[in-house]
Structures are given as structure tokens and as C-alpha cells.
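Asker: sequence and predicted model, in that order:
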There are 2 protein chains.
Amino acid sequence: MDYLKLFENIIKKHSFLCVGLDSDIEKIPAFLHTEKDPVFEFNKRIIDATHQYAVAYKPNIAFYECYGVKGWTSLESTVRYIKINYPDLFVIADAKRGDIGNTSKMYAKTFLENLPFDAITVAPYMGEDSITPFLSYNDKWVVLLALTSNKGADDFQYHDEDGIKLFERVLSVSQTWGTINNMMYVVGATRAETLRDIRKIVPDHFLLVPGVGAQGGSLEDVARFGMNDKCGLLVNSSRGIIFADNTENFDKVAGEKAKEIQVEMERHLAERKLI
Amino acid sequence: MDYLKLFENIIKKHSFLCVGLDSDIEKIPAFLHTEKDPVFEFNKRIIDATHQYAVAYKPNIAFYECYGVKGWTSLESTVRYIKINYPDLFVIADAKRGDIGNTSKMYAKTFLENLPFDAITVAPYMGEDSITPFLSYNDKWVVLLALTSNKGADDFQYHDEDGIKLFERVLSVSQTWGTINNMMYVVGATRAETLRDIRKIVPDHFLLVPGVGAQGGSLEDVARFGMNDKCGLLVNSSRGIIFADNTENFDKVAGEKAKEIQVEMERHLAERKLI
């Protein structure tokens, strides 16, 4: 899936919502625990109830990996279920990998070849040769960490060298590694005002924005400071949707929450005259 | 395992060798492919043949994760095999994880609780709250990336702010997060001369040094610039040991290669009068 196809899907659905599948087995409704694969069953119902309001899904790999073989089975079933039933959805492995070249090549093979993910989140600390193996796949994406939404972002990302902060250097330097068709950036919503400056460095790239909702970021601010003429945003919400309810109606409630966000997104897209 | 226990094991074995289990199924000897779990069988024989010359093992998670459920099974079997048969060995998950707090907590649970690893490699980009969840386990360690051995290390790690390079900032700032008993640093051997400066910032911490052998680093230089009065070094070798031979004798040859390195390490420990 390229940049324009992603934009086309956003226009079609009036939404730039990414649903985060942080599907912690300890937080899913109790009645699902009798299922053969409770986490997959949970995800399946969440996806069926929310897919019409979303353009992307983002399984958080930590929550699967934690349960070893069982967790990997749930993850594989989930990503294959999405790709078979809703092939237009963009599926991101939130894995934050990154290692020396031959190791990154294995991580790329894992998520972009053996599993049918469209994209994977990658940490920039080890530089270009830790990233390029992920960029060698057609129609697959790297989502590079730039400015994260946690407190620890202050420790290194904000540090300044000759007036250029580390996350700004990451945005500048990494643009030579890929294109707007295979690279986007993580920019936390809790720093929405910074999006104005970030757009000066990366006017065209898509940004994956976590931190709206549970982490306190505002969708209004993200749209105001971050949207470009191809939308250029995927805004993620995880807990606010998937754990909004823990009764037998959890999927219906998740659908309602996703729809609420989609309606607000539709308003922002209309204000920018993109729909 | 704490700092002194690790030093005690080094003294006992006259070795500070860490064997990297980058056990790519495509590179292991062909005759093992008839085994039920070829990668575990390979690792088992490597470990049995090399354990007397090593104090640590470091499975590279990418090479297991790549094969999904099968790979996780091999990984689990390998780490449990080491801990059951050779409980004094220090086992590092080379995973380079790091995410916001609740996600890092899940990664920590995966490797330090659900699997019996002693340590996990973690990337520093997201700062303190991405690291502390790994430090909440007794006798378990974070191995934080500081200066890596790949070319891409130049992209950000060497960048200078007011005379302090990013990797030096990582070394300084992170010392308040943990202690010499639960934190060590990755410092690539291909930059051995830099070890002298690094020892000024972290005189006491253990350093995990990859890049000796296949990547071109010199053990002599690492020992000269990096060794402290508790040795303070774990030097990793992967391909140079585990893929030294691909016949039915691969384990014997791996043992010989490990012994060669151990003998050189013994000399360096003796020169420093640590044994």
C-alpha cells in the first residue's frame, strides 16, 4: 500500500483512525476465557465491530510476545484475519525493533514477509543500516520513532545540539533513507504543539500519532497542527476503544467509541476540505 | 545474579566469554534438519561443547522470532536448558526492546519472568520510564545500548552537544536509573579505543562488548582499554564460534574456537592480576 492508496482509504472512510490492539489477556472480558484462543476471539470481535470506522490496526507486539507460543498464535491469527477479511486496512506491527543489519533483516522478514504486516515501528538509535533492511520490501513501511508521548522523551529526544533537537535530527537525517511511500514517523499527541515545527521538517510524510485519549493528547490539536493536504495522519487509540467495556457488549461499545472518534475526524477532514 | 557473583564466575572459569546464539536455521548443519526441533538441538550441542569456556550466552531473539511459534519453542527450550543444566551461566535476551511504561512492563515480564533470562538488551531512545520496568526484578539486568558496533552508530550516537556525544549522555544520565548490580552497557568492540573514554564515565559497570571476530574488533584492545578491577567485561562472539564448522563435528569445532578465545582471555585476566 502506498501513500496515495492510504489517503484514498482515509477519504473513503472519512477516518484516519488506527485502532491499537494492546490486547492484554488480563484485561479482556472474562467470558472470553473459555474460548480456545481468547485474545484472537477478542481481537476478531473488536475488528468486526470497528473496521468501518478505522483505516489501520496496530497490534502491540509486547502483549502477544509475553505469552510465548500462545501469544504468537494469537498475533498470527489476528493479522491474517484482518488481511483476509479487510484487505484495505493498513496493519502496523508495533514492535519498536532495530539492530545491526543482519539482525534487522531477520526482524523485517518476521513482520513484513512471514507475517503480512504492512508496517513496523522501528527505533532510530542504531542509525541507517539498522533501518534499511525494513525498507527493502515493496509496499511495506517503516514507522520510525521520532518524538514519543512518554515522559522519558525528555531524556534524549529533546536534547539540543546547535539548536537542533535529537528528534529533529532523526526526522532530517532519516528522510534520505526512505520516501513518503515507505516511511512514516511516530509523533506523540501529548506534544501536539510541536507538530507545527515537525511539519516544517517533514511536510509530506504520514505521521503515526499515539497518545490521544488515555494518554491525554487532543485530537483537535493533532488535526490542527499535523494535518497536511493528503491528511498525513494516522491517529491511534487503544485502551479508549478496546477496553471501553468489559461485558458481553464490549465489541458493540468499542464500535461506538470508534465511531465517536471517526465522526470527529470526519469534521476535521471536512474543515480542511479533504472530503 | 549480582555483580560480584558474575565476577566470581569469571575468575572460576578464567573467561569473560559470552557466546551469541544467533542460531539461524538456514546456517545450522544440514544433518540437524531431521531433528524435531533443529535449532534447539543445535543450541544444546553448542552449549554442551562450549559451556566450560563461557560465562554467558546471548540468544539473538530476531533469529527465533522470525520462525513464529516454532522459533519461540526453540528459544524457550534453549534458555530453560541452560538454566537447568548450567545455572551459573548468565543468559542475555538480545532483544533491543524499549517502549512506553506499560508496554516495557510486558516485555520485562516476557523475558525476565515468563522466560528465565538474567538480562535483556534495551534501546535508550525513549528514556527512563521505558527502562525502569526492566529494573524492578531482583537479580535481573538491563543491558542498555550505548555505543553500537555498526556503521549507523555514526548517525546519532556520535552526535555532539556541548562537547558531549549522545552515547556519553546515555551513559551519564542512565546511571541514576539503576546500579552496577542491575545495569550494564553495550559498547561495540569495533570502537575499542573509545573504551578508554567510556571507562571515565562508567568505571565500575560491566560492559557487554559485541563485534569481536566476524565484525573486526580486537580482544586485545578491548581488554586493554575496557577491563576494570572486577574484569567488568563480557565479550561476545557469535558466528566465529557457532558457525565455525557445519559438519557433524560442528560442536567439537565450536568448543575449540571457544577455548581459543578463553585462553586469550585467561592471559588478559592474568596480566591484570585478576587470576
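Answerer: Here it is on my side, so go on. The model shown is predicted, which means the values in this text are computed figures rather than measured ones.
Asker: near chain B, which residues of the stretch 101-250 of chain A?
Answerer: Applying C-beta under 8 Å from any C-beta of the partner chain, we find that the stretch 101-250 of chain A lies next to chain B at A:101, A:103-104, A:106-107, A:109-110, A:114-115, A:123-131, A:145, A:148-157, A:159-162, A:166, A:169-170, A:173. No exception for glycine: its C-beta is placed from N, CA and C like everyone else's.
Asker: show me the residues you listed that map onto helices.
Answerer: A:101, A:103-104, A:106-107, A:128-131, A:153-156, A:166, A:169-170, A:173 (DSSP state H).
Asker: if we can go back for a sec, quick one: buried ones out of the residues of the stretch 101-250 of chain A next to chain B?
Answerer: Burial by neighbour count, judged by 16 or more other C-beta atoms under 10 Å in any protein chain shown, picks out A:101, A:103-104, A:106-107, A:109-110, A:114-115, A:123-131, A:145, A:148-150, A:152-153, A:155-157, A:159, A:161, A:166, A:169-170 from these.
Asker: list the contacts for residue A:30?
Answerer: residue A:246 (C-beta atoms under 8 Å, 6 or more residues apart in numbering or on different chains).
Asker: what pLDDT does the model give it?
Answerer: Looking at residue A:30, its pLDDT is 97.
Asker: gap between it and residue A:92?
Answerer: 29 Å (C-beta to C-beta, to the nearest Å).
Asker: name the helix or strand of chain A that has the lowest mean pLDDT.
Answerer: strand A:160-161 (a mean of 78; mean pLDDT, DSSP states H and E).
Asker: neighbouring contacts of that one?
Answerer: A:169, B:159-162.
Asker: as CSV, those with distance to residue B:16 would be great.
Answerer: Shown next, in CSV, are the contacts of strand A:160-161 (distance: C-beta to C-beta, whole Å):
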residue, distance to residue B:16
A:169, 35
B:159, 31
B:160, 31
B:161, 33
B:162, 35
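Asker: quick check, nearest of those to residue A:185?
Answerer: residue A:169 (12.7 Å; C-beta to C-beta).
Asker: sketch out the low-pLDDT regions of chain A for me.
Answerer: A:214-216 (pLDDT under 70).
Asker: mind listing the helices for it?
Answerer: Using DSSP H, helices in chain A cover A:3-13, A:38-50, A:62-65, A:68-85, A:101-108, A:128-131, A:153-156, A:166-174, A:195-201, A:219-226, A:239-242, A:250-271.
Asker: in the stretch 151-275 of chain A, which residue sits nearest chain B?
Answerer: Nearest residue of the stretch 151-275 of chain A to chain B, counting by C-beta to the nearest C-beta: residue A:152, 2.4 Å away.
Asker: quick test: name the residue nearest the centre of chain A.
Answerer: Computing the C-alpha centroid of chain A and ranking residues by C-alpha atoms, centre = their mean puts residue A:58 first, at 4.9 Å.
Asker: quick one: that residue and residue A:22, what's the gap?
Answerer: From residue A:58 to residue A:22 the distance is 9 Å (C-beta to C-beta).
Asker: please enumerate the shared neighbours of those two.
Answerer: residue A:238.
Asker: if I look at residue A:25, how far off is chain B?
Answerer: 11 Å (C-beta to the nearest C-beta, to the nearest Å).
Asker: and the gap between the closest residue in space to that residue that isn't next to it in sequence and chain B?
Answerer: In space, and not counting its chain neighbours, residue A:25 is closest to residue A:39: 5.5 Å by C-beta to C-beta, 6 or more residues apart in numbering or on different chains. Separation of residue A:39 from chain B (C-beta to the nearest C-beta): 13 Å.
Asker: can you check residue A:138 too?
Answerer: Counting by C-beta to the nearest C-beta - residue A:138 and chain B are separated by 20 Å.
Asker: nearest spatial neighbour of residue A:67, skipping sequence neighbours?
Answerer: residue A:25 (6.6 Å).
Asker: cool, residue A:99 as well?
Answerer: Nearest one to residue A:99, counting by C-beta to C-beta, 6+ apart, is residue B:96 at 5.3 Å.
Asker: isn't that neighbour right up against residue B:124?
Answerer: No. With contact defined as C-beta atoms under 8 Å, residue B:96 does not count as touching residue B:124 (10.3 Å).
Asker: for the nearest residue to the residue of the stretch 151-275 of chain A closest to chain B once chain neighbours are set aside, what are phi and psi?
Answerer: With C-beta to C-beta, 6+ apart as the measure, residue B:127 is the residue that lies nearest to residue A:152, at 2.4 Å, once sequence neighbours are left out. With angles defined as degrees, to the nearest 10, residue B:127 sits at phi 80, psi -170.
Asker: pull the contacting residues for the residue of the stretch 151-275 of chain A closest to chain B.
Answerer: B:126-131.
Asker: kindly report the same for residue A:229.
Answerer: Counted by C-beta under 8 Å, 6+ apart, residue A:229 has contacts A:272, A:274.
Asker: distance of it from residue B:224?
Answerer: 58 Å.
Asker: do the same with residue A:16
Answerer: 55 Å.
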